[in-house]
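K.L.:
okay, sequence plus prediction incoming.
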Amino acid sequence: MAKVKQAELVNHVIFAFGRYIDYRLNEVRPELKEQFGAIDYESRTLDFGKYTFYYNQEMGEGKIEGRILSFAQLIHPAELPMIKRSTNTLEDQYREGENRQINLDPGFIHHSQFVLASTKHWGNRLYIGRGVYAEVTLIFVDGTFQPLKYTYPNYASPEYIEELTKIRKQYLKKRKS
């Protein structure tokens, strides 16, 4: 029988997206830092709108872009439900009427995977508590992140994988120190 082991710490990330992403992030960044600590990496601006029109009605027509933020402090993976609920609260604080102005999708990077949190159940998501599900979105195989059959197209794209790989490399250095 295998012995139960302590879970490894992971690198907390948030994909923040919306229209006018730089403006929106400038508004919410201080609260993200207050809740989750220092941001040690912020991706270049990534096109999100070309992958889906799902958010256009809520966020308005126009270019929807995003950035992936990495937080300096490693976390225990069991913190993901609390983090998801916190980011949902922040999204609500910045609503205009019924419409979100920024979407904050938390997750984590482990050396073997990229995991996202969701409040929506689906066949590929596991319930992890407090109304939150976790989805393995990418796995790290043969030296790169690999999408799965159900991976959202933006995360399967080379530009997103490139940014997540940079964070993974940084995470591996953090784990050593």
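P.N.:
That came through fine.
K.L.:
contacts, neighbours, all on C-alpha from now
P.N.:
OK.
K.L.:
flag every buried residue along stretch 97-117.
P.N.:
Within stretch 97-117, the residues that qualify as buried by neighbour count (16 or more other CA atoms under 10 Å) are 100-111, 113-117.
K.L.:
need the helices for this structure, in chain order.
P.N.:
21-36, 56-59, 80-93, 153-156, 158-176 (DSSP state H).
K.L.:
which residues sit against the longest one?
P.N.:
Looking back up the chat, that one is helix 158-176. For helix 158-176, contacts defined as CA atoms under 8 Å, 6 or more residues apart in numbering pick out 9-11, 41, 43, 46, 68, 70, 74, 109-111, 144-145, 154-155.
K.L.:
avg pLDDT for that helix?
P.N.:
Average pLDDT, helix 158-176: 98.
K.L.:
okay, buried residues for it please.
P.N.:
Y160, I161, E163, L164, T165, I167, R168, Q170, Y171.
K.L.:
do the fourth one as well
P.N.:
When burial is assessed from 16+ other CA under 10 Å, helix 153-156 yields the following buried residues: N154, Y155, A156.
K.L.:
of all the helices of the chain, which lies closest to A134?
P.N.:
helix 80-93 (8.3 Å; CA to CA).
K.L.:
quick check: buried residues in that closest one?
P.N.:
Buried-residue list, helix 80-93, by 16+ other CA under 10 Å: L80, P81, I83, K84, R85, S86, T87, N88, L90, E91, D92.
K.L.:
tell me the angle the longest strand along the chain makes with helix 158-176.
P.N.:
Counting by DSSP state E, the longest strand found in the chain is strand 64-75. Here the directions of strand 64-75 and helix 158-176 differ by 10 degrees (axes from the mean of the first three to the mean of the last three CA atoms, to 10 degrees).
K.L.:
what strands line up against strand 64-75, and which way round?
P.N.:
strand 10-19 (antiparallel), strand 39-42 (antiparallel), strand 46-47 (antiparallel) (DSSP bridges).
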